Structures are given as C-alpha cells and as structure tokens.
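Okay, predicted coordinates and the sequence, questions at the end:
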Amino acid sequence: MIAKVKFILKNEGVRGVISRLKAKVYQDYFLYEIDLKNFSKIESFEIRKIEDLHLKLLISEKNEEIRTEKINRLQQRQFNNETQDFVIIEAGAIAGHYGLAFKNLESDPDINNGLEFGNETTYLYDDYTFKKFRGRGYHKKSIVDRLMHSKQKGYKKSIVLIYCDNIISQKSYERLGFKKNRKLYEVKILKNKLIYGSKHQK
C-alpha cells in the first residue's frame with residue numbers, strides 16, 4: 001500500500017493521491033455512445049492486438065507508469081474472447097495500451113461492474129497513453145481503430161464512460177461522433193462497485 005502511494009505521489013503529485021483516495025469511494029461519469037452504421041475510418045491508423053512480446057517489452061522497459069498488477073491483467077485478458085487489448089508501437093517502444101470489451105466481465109476490475117450494454121454494443125475502456133507519447137494523436141488512433149474493429153465484427157454501437165470533470169476527453173469523443181447519453185454514478189463499498197443512474201439506453 002505504501003509503495004503504491006509513493007508511486008502515485010511521484011507520477012501524479014499530492015492532487016493525484018487525493019483524487020485516487022476519493023475515487024476509491026465514488027466516481028461520476030457521462031456515458032457516451034456512437035452509432036457505427038455511418039462511421040468510417042477517418043485516417044489510416046493501425047493499432048496491434050496485444051501479444052506476449054508486447055508484454056515482455058513493457059516489462060523490459062521498466063516503465064514506472066505501469067505496475068506489475070496491470071501487466072498481469074493485460075496478460076490474463078489475452079485468453080478471454082470477450083475482451084481485446086491493443087497497443088501502439090513507436091520506434092520499438094510501446095506508446096500506450098487500449099481496451100475493448102464485447103461483454104461486461106465482473107471479474108475484471110478495469111470494467112465498471114453493473115454497467116449494462118447489449119449484445120450489439122462494444123465498450124471502450126482502460127485507455128492509457130504513456131506521458132512521453134502524449135500529444136501525438138495516439139489516443140484518437142486507438143479510438144478510431146477500435147470502432148472500426150467493432151464495426152467489422154458486426155457490432156452496431158460502441159460506448160465509453162468518461163469522468164464528468166474530464167472535459168477534454170468529452171470533447172475528443174464528441175468530435176469523433178459520440179453523443180452524450182446519460183450520467184452514471186459509481187459507489188465503491190469494500191471491493192464491490194455499484195452503478196447508479198439509468199443503466200439503460202435512451
């Protein structure tokens with residue numbers, strides 16, 4: 001626990017520690033949704049499905065922004081057909097990792113337990129671009145390619161949860177065609193996550 005606090009303090013400062021402590025108990029989100037019927041690839045981007053060699057590269061890079069437990073979860077998800085993780089590579093280094101779920105798995109702590117989405121919908125989640133690669137459009141690349149991946153597999157919609165105070169991220173998704181659907185509240189009691197608000201699509 002102490003090591004984790006030091007890790008957050010080093011990377012995010014005191015404000016980050018306070019924010020993380022609050023997040024242990026409560027979060028509020030906007031759920032954004034996009035209809036994939038008319039969505040087409042905007043630019044020629046390419047992300048790669050995560051493989052063991054990418055995880056080994058993450059370990060060898062000794063990147064302080066990603067903890068061992070996260071690498072272990074990415075490794076476990078390789079063998080689950082209901083999720084797919086992707087990476088972007090630049091100059092032999094991993095720029096970030098990005099998740100796509102076809103079903104809500106309550107066993108996965110990175111997916112918001114209690115969130116309901118239908119069989120024709122995918123869920124973009126667990127996005128992270130490493131700091132030195134930010135500002136280069138990689139997050140947008142990951143969104144576009146995951147939407148195209150969803151469309152090619154026959155899904156009709158994609159959703160994403162965005163923190164209510166993350167205005168920059170909200171605007172980024174809106175520019176790609178996402179529409180704000182509803183507000184959700186997540187309360188964490190011990191190890192249980194409870195989602196409040198309308199769980200169903202309008």
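On my side now, so go ahead.

Could I get the phi/psi values of T121?
phi -120, psi 140 (degrees, to the nearest 10).

which residues touch it?
155-159 (CB atoms under 8 Å, 6 or more residues apart in numbering). C-beta: built from backbone N, CA, C; applies to glycine.

That one pairs with what?
Judged by DSSP bridges, the bridge partners of T121 are K157.

Dump the contacts of T121 to JSON lines, plus pLDDT.
Below are the contacts of T121 laid out as JSON lines (pLDDT from 0 to 100):
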{"residue": "Y155", "pLDDT": "96"}
{"residue": "K156", "pLDDT": "96"}
{"residue": "K157", "pLDDT": "96"}
{"residue": "S158", "pLDDT": "97"}
{"residue": "I159", "pLDDT": "95"}
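
Among those residues, which pair sits farthest apart?
Greatest spatial distance in those: K156 and I159, 11.3 Å, computed using CB to CB.

More neighbours: those two, which one.
Neighbour tally, K156 and I159, criterion other CB atoms under 10 Å: the higher count belongs to I159, 20 against 14.

isn't there a helix covering that one?
No - membership of I159 in a helix is not supported by DSSP: H, G, I helix; E, B strand; the rest coil, which gives strand.

give the contact list for it.
Contacts of I159 (CB under 8 Å, 6+ apart): 31-34, 117, 121-124, 181.

Can you list the low-confidence ranges for this protein?
The model of the chain has pLDDT under 70 over residues 1-25, 41-46, 105-107, 109-110, 112-114, 190-194, 196, 198-202.

mind running it again at 50?
Along the chain, the model assigns pLDDT under 50 to residues 199-202.

all helices in it, in order from the N-terminus.
2-23, 52-61, 68-77, 138-152, 167-175 (DSSP state H).

who touches the last one?
In this case it means helix 167-175. Residues from elsewhere that reach helix 167-175, judged by CB under 8 Å, 6+ apart: 30, 32, 34, 139-140, 143, 160, 162-163, 180.

Y32 - nearest residue in space that isn't next to it in sequence?
Nearest non-adjacent residue to Y32, counting by CB to CB, 6 or more residues apart in numbering: F178, 4.1 Å away.

Give the burial count for that neighbour, as a bare number.
23.

in stretch 139-152, what's buried?
Across stretch 139-152, burial judged by 16 or more other CB atoms under 10 Å covers 139-151.

Tell me who's in contact with E61.
Contacts of E61 by CB under 8 Å, 6+ apart are 93-94.

That should have said S158, apologies.
S158 sits next to 33-34, 36, 121-124, 146-147, 150 when contact means CB under 8 Å, 6+ apart.
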